[in-house]
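Asker: Fold the following for me, if possible:
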Amino acid sequence: MKRKMLKKCLAIVLSLTTLVSVAGCSSPATVDEGSSTKESSDTSAKETNQEGTKTNSGDVTTITLYPKDASLQSGVVGGYKGDVFADYGFAVDVWAYSDEKTNAILASGTLPDVMYVTKDNLDIMIESGMVLNLEEHLDQMPNITGNEKLRLALDYMREYNSNGTGKLYAMPTSVGNKVTELGVTKNMVAVNWDYYSGIGKPEFKDQWELIDVMKQMLEAYPTGKDNIPNYGTYLNAGSDTEYWANMTMYYKWFGYEPTNLYYLLETDMVNGTYSSILDKNSKYREGLKWYNTLYREGLMDPDSINNDRATQKAKVDQGYAMVPSGSLQGYAYYQPIFMPDAKVYQESWNSVYGSKNYLVINAKSNNIDAALKFLNMLADPDAYFYIWAGKEGDLWKIEDGAAVLRDEETVMKSASKEDVFFQNGEKVELWNTPWIIDDASYPTSYVDPNGEPRGVRTDRWKEVEEIKYSTEQMNEWRTMTGYDYYVDQAKANNAYVIDSTLDNIINFASLPDDTMKLTLDSLKDVIVNASWQMVYAEDTESFDAIWDQMVKDCEALGAQTVIDWRLEDLDKAKELRDALSK
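Answerer: Predicted structure coming up:
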């Protein structure tokens, strides 16, 4: 309904040329009414016309940018980031973001030069002629056309995000490849290290023996800081939006992903299979049984069903859990323990196809050349590095041909996540917006002292990571296990999977129609309610009775029809994925 209304509104606006022209005369400040947008020092140089806003300051053109959310500060980007932009031939004026403003921008037709959009809005904007056909300007973006890693993402945009035109109207963002991560906390069983060490670091072979270890830890340490009660683990009901999200961590311990839980399917990324959560031998039922055991043993926060995500996170992050679970992992207080049956599937925050935020250029922009320079820069790893770390000679320097941080103090502060400052006192901060390339997958042209390519973020450089992972806890863990990192232990036990036959299939899956959505919502309500009831079941008989009733209720609502539809659709999605990648 929202899409239809917006489409109708756009059609009316675009059919009234006079009104569009008037709207085009509005300055960003008019559309941005009530925002905190700063005025640039060359405001008087702004020339407005019905096709957009053009700002010139010497040889630098200012382009307006509408971000994907409120994570970017509005106004003209200054400081060292502004200097880097100027080196690339433009300045960037960020419009303040709000949902209401997004709708107003689209409905009025008064677009910034560059804008982040979603798929639904993109299709409408293409149909309405609001965005530039980038296919005709690729020769001006060599960082994009010359990067073979981006080819698949661009083809994906042409095929699935072009409103059926087969043309490139938008650039993908956060395009990347999987990389081995040292900190795979959310994919492994982790224990509160001080408490675990305090009871002698007892071994356990599986999640069931872990329960007894959790009990020993809680008996030895019933309270934490400020005399606040500890618990074996915490759950929360605030994350139950499309499915019972507390199954997330339990799944990840064994190489499963919750991707298709909405459709009553569990996804085994290690073995490349799907199966129904309603099967009596499902990992889903097993996980509920494990949580129920914790509850009956007095190890689970009994108020879990009343917790929201923020409450759970605060408890876990402060070390009040013996073992983090549910939908939130712990960090500082916890260390991983390998279980023989555990599997680490290395998912990725990025995708070879990019994220669901896309970059477009206003078809009526008066600053198209500068906007194209901006997009081209967003695919340049060196530019990403400069925007993060500034120019050579300040935060970093070249020493014997290698890029290194300016001194040991900067290395230490980067490792401890302390604020790091440039020599002029400006704080080093991420420019918090998606680039076309992902910040972990594309190395710069610079190398470290060993000749290995440098990443775009100095806080992830090897010498920083080595200090970051050299805490007292981590060193005790190394002494106990004989491995440098958990990923090494998982690999040594053939328990680390970085590639799955099910990777990226979800990108090609269909969306359910309105009728099926109603069925899915009804099924979700049944399953979420029953899952909580099973967690709090007082005995095995009650648990089994609730499970059996849940299965019957789901079957009556058409669960098998949903499962069959989704499995067939996933098979088709796999074919589409494979065809595009050939």
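Asker: For the nearest residue in space to Val420 that is not next to it in sequence, give me its contacts.
Answerer: Taking C-beta to C-beta, 6 or more residues apart in numbering, and ignoring the residues beside it in sequence, Val420 has Val428 as its nearest neighbour in space, at 4.5 Å. From N, CA and C alone the C-beta is placed, and that goes for glycine too. With contact taken as C-beta atoms under 8 Å, 6 or more residues apart in numbering, Val428 is in contact with 388-390, 395, 419-422, 458.
Asker: Now go through the residues you listed and say which are in helices.
Answerer: Judged by DSSP state H, these include 388-389 as members of helices.
Asker: Among the contacts of Val428, which one is most surrounded by other residues?
Answerer: When neighbours are counted by other C-beta atoms under 10 Å, Ala389 leads the contacts of Val428 with 25 neighbours.
Asker: quick one: stretch 456-467 to chain centroid distance?
Answerer: Taking the mean of its C-alpha atoms, stretch 456-467 sits 21 Å from the chain's own mean (C-alpha atoms, centre = their mean, to the nearest Å).
Asker: Please enumerate the strands of the stretch 1-150 of the chain.
Answerer: With DSSP state E, counting those that start in this stretch applied, the stretch 1-150 of the chain shows strands at 47-49, 52-57, 60-66, 75-76, 90-94, 114-117, listed in chain order.
Asker: between these, which has the poorest average model confidence?
Answerer: Across the strands of the stretch 1-150 of the chain, strand 47-49 has the smallest mean pLDDT, namely a mean of 32.
Asker: low-confidence ranges in this protein?
Answerer: Regions of the chain meeting the criterion pLDDT under 70 cover residues 1-58, 183-185.
Asker: Identify the residues contacting Asn147.
Answerer: By C-beta under 8 Å, 6+ apart, the residues touching Asn147 are 379, 437.
Asker: can you rerun that using 7 Å?
Answerer: With contact set as C-beta atoms under 7 Å, 6 or more residues apart in numbering, Asn147 has these partners: Ala379.
Asker: Leu520 too?
Answerer: Taking C-beta under 7 Å, 6+ apart, we find Leu520 in contact with 262, 512, 562.
Asker: Can you list the buried residues in stretch 364-371?
Answerer: Neighbour-count burial for stretch 364-371 flags 364-368, 370-371 (criterion: 16 or more other C-beta atoms under 10 Å).
Asker: again, but for stretch 418-437
Answerer: Within stretch 418-437, the residues that count as buried by 16+ other C-beta under 10 Å are 420, 422, 428, 431, 433-437.
Asker: Now that stretch - C-alpha only, CSV.
Answerer: Presented in CSV, the C-alpha positions along stretch 418-437 are these (Å, rounded to 0.1, in the frame of the first residue of the first chain):
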residue,chain,number,x,y,z
GLU,A,418,41.0,4.8,23.0
ASP,A,419,40.4,8.0,21.0
VAL,A,420,43.2,8.7,18.6
PHE,A,421,43.9,12.2,17.3
PHE,A,422,45.6,13.9,14.4
GLN,A,423,48.3,16.3,15.2
ASN,A,424,45.9,19.3,14.8
GLY,A,425,43.7,17.8,17.6
GLU,A,426,41.0,16.4,15.3
LYS,A,427,39.7,13.0,16.3
VAL,A,428,40.1,10.0,14.0
GLU,A,429,36.6,8.9,13.2
LEU,A,430,34.9,6.6,10.7
TRP,A,431,32.8,8.3,8.1
ASN,A,432,29.8,6.2,8.9
THR,A,433,28.2,5.5,5.6
PRO,A,434,28.3,2.6,3.2
TRP,A,435,30.9,2.8,0.5
ILE,A,436,30.6,0.8,-2.7
ILE,A,437,33.4,-1.5,-1.5
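Asker: Now Lys178: closest residue in space that isn't a chain neighbour?
Answerer: In space, and not counting its chain neighbours, Lys178 is closest to Ser348: 4.6 Å by C-beta to C-beta, 6+ apart.
Asker: Surely the one you found forms part of a strand?
Answerer: No - counting by DSSP: H, G, I helix; E, B strand; the rest coil, one finds Ser348 to be coil, located in no strand.
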